[in-house]
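*Asks:* Next input, structure requested:
(one chain, ligands or ions: 1)
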Amino acid sequence: MTGLTTILGFNGLIGRKLLPLLREGGVSTRTVGRSGGDIPFDWDDAGTFKAALAGSISLYLVPPAMVADPAPQVEHLLRVAREVGVARVVVVSSLGLSFPTEPPGSERHRYEDVVKASGLPWSIVRPSGFMQNFSEGFMTPGIKHAGMIFSAAGAGAVAMVDSNDIAAAVLALLTQPDQTGKTFELTGPQAHTFAEMAAMISAVAGRPIGYQAISIDQMRQRMHEAGVTTDYADILLRDQRAISEGAAAKITTDIRELTGRPPTSFQHFVEINAPAWGL
Ligand SMILES: NC(=O)c1ccc[n+]([C@@H]2O[C@H](COP(=O)([O-])OP(=O)(O)OC[C@H]3O[C@@H](n4cnc5c(N)ncnc54)[C@H](OP(=O)(O)O)[C@@H]3O)[C@@H](O)[C@H]2O)c1
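*Replies:* Numbers count the residues shown, from 1 in each chain. Down below sits the predicted model:
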């Protein structure tokens, strides 16, 4: 599909990998955000929606960060997108919706429902936990400075996914025909426990990196101290419970089918990201 693509969350863990891929692929892009984008865009200011979308044919949508119930804002944005002629939207959701802990009618289901009801040709990606949480995300400072990974996932395994692979899948969805009206579950190729992942990072970092399994209540307290709202923490903790119960070790072939290559293994990810954990 040719024409301008508007990119929300362009400096996020997926967006910062997606943008160079689109540009290398010759796709015309517009970054929109609260700071540093081509055009100002703020989820909390609906007055910015129209200018952010006008003239674009495709939209990459990351919902407002850490908002438990983004459906009303997303519904509004997609209404504007339709009015200005956007003809394709690729939306980031979460593999957590596929876990048995996700209640029917949850906020995350409502979010996907407003996308499907928008009247726009849509594709939804549900990624597993991002490998980049360890190398450039919320777990990086703990690993670097305390040599420790904390999680309420217990001894449960999860097939973390590389955000470069998510970006490559999104590129395919933005550019290939016949990919609309579908939901894709994006996982890595193997499920590992957090203890195993800590050991793999430790081996490349050349120093001990430990894993401490903490309780759901301890994790809730940590999230509270980090400024995560109670409602949003409840959603994240549901996913951790699913992992701890062994219900989240799902592995899919969607990345290979969309990109034509296998997803990155956690072992390969740690080998090429070793400098991220240097002192
Ligand atoms: N991390 C995981 O393991 C994981 C797993 C599954 C699904 N997910 C989903 O992935 C998505 C996050 O993707 P990501 O990691 O690429 O993004 P991210 O790193 O969370 O970044 C969020 C992006 O949104 C922008 N943003 C935040 N609030 C905004 C606002 N009010 N108005 C405009 N822009 C705003 C931020 O830019 P500024 O702050 O600079 O404005 C940033 O570019 C979330 O929906 C999450 O549920 C994450």
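
*Asks:* okay, now Val86: neighbour count?
*Replies:* Around Val86 there are 25 other residues, counting by other C-beta atoms under 10 Å. (Each C-beta comes from the backbone N, C-alpha and C, glycine too.)

*Asks:* distance of the residue lying closest to it once chain neighbours are set aside from Thr259?
*Replies:* Spatially, and ignoring its direct neighbours in sequence, Val86 is nearest to Leu59 (5.2 Å; C-beta to C-beta, 6 or more residues apart in numbering). Using C-beta to C-beta, to the nearest Å, Leu59 is found at 20 Å from Thr259.

*Asks:* Ile14 now?
*Replies:* 14 Å.

*Asks:* quick one, which of the two is more surrounded?
*Replies:* Legend: neighbour count by other C-beta under 10 Å for Ile14 and Thr259, higher for Ile14 (24 against 17).

*Asks:* what does the model give that one for pLDDT?
*Replies:* We have a pLDDT of 98 for Ile14.

*Asks:* got a list of what it touches?
*Replies:* 62, 92, 127, 130, 163, 166-167, 170 (C-beta atoms under 8 Å, 6 or more residues apart in numbering).

*Asks:* cool, Pro262 as well?
*Replies:* Going by C-beta under 8 Å, 6+ apart, Pro262 touches 189, 255-256.

*Asks:* how many neighbours does the one residue in the stretch 1-150 of the chain that gets nearest to the ligand have?
*Replies:* With C-beta to the nearest ligand atom, the shortest gap between the stretch 1-150 of the chain and the ligand falls at Gly12, namely 2.4 Å. Neighbour count for Gly12, taken as other C-beta under 10 Å: 19.

*Asks:* And for Asp162?
*Replies:* 25.
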